[in-house]
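Asks: no sequence on this one, just coordinates:
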């Protein structure tokens, strides 16, 4: 967090996706996706259920590899490279916490995996105001609390790219507001943030640039405020671009 | 491939006829010994199939190309077929000659275990379809073949009744030429048929894959 | 290496919280001992009974440890930890749980079959440990590989038992000899086989585990 992001990396492009096709058992989910995300940008990928948003995120997160095409992160080809993975933080659709460990134990475990100093967990607990529930097992947390802890887990190692898969799903108004607030506070740090949603309002709340995934392809990236509900609904209804 | 199938069938007809009718009768075992002309080619082809499964599985995991997986899968199916044939023909041969349908000797035991392992390969593909299942099966394909020496070693730790090898010996085959000829013909025939069936099966799966891709507009 | 220990500690801590895996494995083992003992409880039947029990306890337990992970494998994969470490950690955790079952079932075998089990326990440790390692290596590899398959709990024994048969044969043979009062020197061949099996399968499983986790 001392040096500005993008300084030591090969350019201003955090994510570069070119001609990516991803098929599972010969069935294509993504049919040719091109996308450029600048370092420090916040991008919302919108799309109806089943459009392949999760698949796209997992490809960017180096958890899967494309059937065709290529993905580059900070100038490096995306792959199972530890140094690259250190720079990625993921809040997945499902909770990645261990149900029978406490919040603190979960965070300490992940901190250990990333080789972080012991004090980091304490700092994070304070920073995110999670200390009151630090001793509770993940199993008993509410959906909103679980999301908070997952976000804390993803940010522990201070990644350059933060990826969130439908982070607002299942959150009540309070939890959603808290999530938006946390992400806004964090945004000032120059992190690249990519998240998916099917709700325009969530994207707008974070001042995100937007792109829509339909029929396995992405629209061009649109500046905040340039998309309205009606147009989005029409697209979704059509099912393809 | 069609030529291969025809050639193989023809050879097998020739070889089997020769084996059953013209080949000399073995002194100690009598007529039942003629099963050798089917049993031995069966074993050889089974192990050839396993070699293909191994190679296909390794290449599939390495290159991630589904073509290798199709090859391994087809070979595994044929391997199970030929191993079954070997076990059955072996049992049929054993009963009149040794007086028992089964014995826990090294070679028989190894072949039986391999049957289970490669049936397992097919079961995994059935219960875990798609690429995940293919990768799981590839792991089994590799592990199974690598296990062969250990299985054999452990089976020897039990007993051995199997007739000593009369064909593949360091000094050369101990079978008289009159028996060797139809045997070799049949071995070639079996391998030819195996190759033809393999090609056919692989082509089948490839067409299916292309069909799915076309329907999905990939 | 420290990462491996961390991962193992995590698995053990998780298990300690619920104790469900060791309990189910232990119960099954206990049940098997009783059933097998009821069928034939002469001393000669002990070695086979012991290893059948360990093998089935293993196939039951090893599916569970991966069932625990499910989605968490995502987080582990994303962490800058190499796959080999994930394998070693899981295998180690599996092995330890099997070891616990082996140890607690020993008295029961002794009581039902033959007291030689207790007398010879120190030398029995060798085949038991080596056999356990091989079972854990194969079980962890296959367990990981079929995580997404249907009928996981039925599939693992189908896959594991044929492949580990050489290990089981050698282990039973060694156990028989030791219970008969023979010295360790007499089971050299069996220990060699066990050793070869362990080395081969720990290595292969470690190498192939990468492919297990791919997407």
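Replies: Arrived safely. These figures come from a predicted structure and were not determined experimentally.
Asks: might you list the low-confidence residue ranges for chain B?
Replies: Applying pLDDT under 70 to chain B picks out residues B:27-29, B:158-174, B:217-218.
Asks: nearest the middle, which residue of it would you pick?
Replies: In chain B, the residue lying closest to the centroid (Cα atoms, centre = their mean) is residue B:46, at 1.1 Å.
Asks: secondary structure of it: a helix, I assume?
Replies: Yes: counting by DSSP: H, G, I helix; E, B strand; the rest coil, residue B:46 is located in a helix.
Asks: residues touching it, list them.
Replies: B:79, B:82, B:83, B:85, B:86, B:111, B:114 (Cβ atoms under 8 Å, 6 or more residues apart in numbering or on different chains). C-betas here are computed from N, CA, C, even on glycine.
Asks: for the least confident helix or strand in chain C by mean pLDDT, which positions count as buried?
Replies: Lowest on mean pLDDT, DSSP states H and E among the helices and strands of chain C sits helix C:72-78, with a mean of 79. Counting neighbours by 16 or more other Cβ atoms under 10 Å in any protein chain shown, one finds that the buried residues in helix C:72-78 are C:72, C:73, C:74, C:75, C:76, C:77, C:78.
Asks: next SSE after the helix ranked longest in chain C?
Replies: The residue-count maximum for a helix in chain C (DSSP state H) belongs to helix C:83-112. Using DSSP states H and E, the helix or strand that follows helix C:83-112 in sequence is helix C:116-119.
Asks: chain center to that next one: distance?
Replies: Distance of helix C:116-119 from the chain centroid (Cα atoms, centre = their mean, to the nearest Å) equals 21 Å.
Asks: can I get the buried residues of helix C:72-78 in CSV including distance to chain A?
Replies: CSV is the format used below for the buried residues of helix C:72-78 (distance: Cβ to the nearest Cβ, whole Å):
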residue, distance to chain A
C:72, 6
C:73, 9
C:74, 6
C:75, 4
C:76, 8
C:77, 6
C:78, 6
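Asks: so which of the contacts of residue B:46 comes closest to residue B:93?
Replies: Set against residue B:93, the nearest of the contacts of residue B:46 by Cβ to Cβ is residue B:86 (10.3 Å).
Asks: what's the closest non-adjacent residue to that closest one?
Replies: Nearest residue to residue B:86 in three dimensions, chain neighbours excluded: residue B:42, at 4.4 Å (Cβ to Cβ, 6 or more residues apart in numbering or on different chains).
Asks: what does residue A:176 give?
Replies: Nearest residue to residue A:176, sequence neighbours excluded (Cβ to Cβ, 6+ apart): residue A:168, at 5.5 Å.
Asks: distance check, that neighbour against residue B:68.
Replies: Distance of residue A:168 to residue B:68, given as Cβ to Cβ, to the nearest Å: 43 Å.
Asks: before we move on, back to that, pick out the most distant pair among the contacts of residue B:46.
Replies: Maximum pairwise distance in the contacts of residue B:46, criterion Cβ to Cβ, is 13.0 Å, between B:85 and B:114.
Asks: which one's more surrounded, those two?
Replies: It is residue B:114, of residue B:85 and residue B:114, that has more neighbours when counted by other Cβ atoms under 10 Å in any protein chain shown, with 24 against 18.
Asks: so which strand or helix has that one?
Replies: Assigned by DSSP H and E, residue B:114 belongs to helix B:106-127.
Asks: quick one: neighbours of the nearest residue to residue A:29 once chain neighbours are set aside, just the number.
Replies: Nearest non-adjacent residue to residue A:29, counting by Cβ to Cβ, 6+ apart: residue A:52, 4.3 Å away. Neighbour count for residue A:52, taken as other Cβ under 10 Å: 23.
Asks: which residues does residue A:52 contact?
Replies: Counting by Cβ under 8 Å, 6+ apart, residue A:52 makes contact with A:22, A:29, A:30, A:213, A:216.
Asks: so the last one sits against residue A:31, correct?
Replies: Yes: using Cβ atoms under 8 Å, residue A:216 and residue A:31 qualify as a contacting pair, with a distance of 3.3 Å.
Asks: so between the two, which is more surrounded?
Replies: Shown here are residue A:216 and residue A:31; by other Cβ under 10 Å, residue A:216 has more neighbours (24 against 18).
Asks: from residue A:24, how far out is that one?
Replies: To residue A:24, residue A:216 is 12 Å away according to Cβ to Cβ.
Asks: same deal with residue A:106?
Replies: In this view, residue A:106 and residue A:24 are 30 Å apart by Cβ to Cβ.
Asks: now do the helices in chain A.
Replies: Ranges of helices in chain A, per DSSP H, are A:53-60, A:82-85, A:103-113, A:119-127, A:143-155, A:173-187, A:200-205, A:229-238.
Asks: close to chain C, is the second one?
Replies: Read it as helix A:82-85. Yes: using Cβ under 8 Å from any Cβ of the partner chain, helix A:82-85 reaches chain C at A:82, A:83, A:85.
Asks: swap in the third one?
Replies: Yes: remark: helix A:103-113 sits within contact range of chain C at A:105, A:109, A:110, A:112, A:113, by Cβ under 8 Å from any Cβ.
Asks: residues making contact with that helix?
Replies: For helix A:103-113, using Cβ under 8 Å, 6+ apart, the contacting residues are A:97-98, A:101, A:117-118, A:120-121, A:124-125, A:130, A:133-136, A:138, A:141, A:149, A:152-153, A:156-157, C:3, C:6, C:10, C:13, C:75-76, C:79-81.
Asks: which of those count as buried?
Replies: A:97-98, A:101, A:120-121, A:124-125, A:130, A:133-134, A:138, A:141, A:149, A:152-153, A:156-157, C:3, C:6, C:10, C:75-76, C:79-81.
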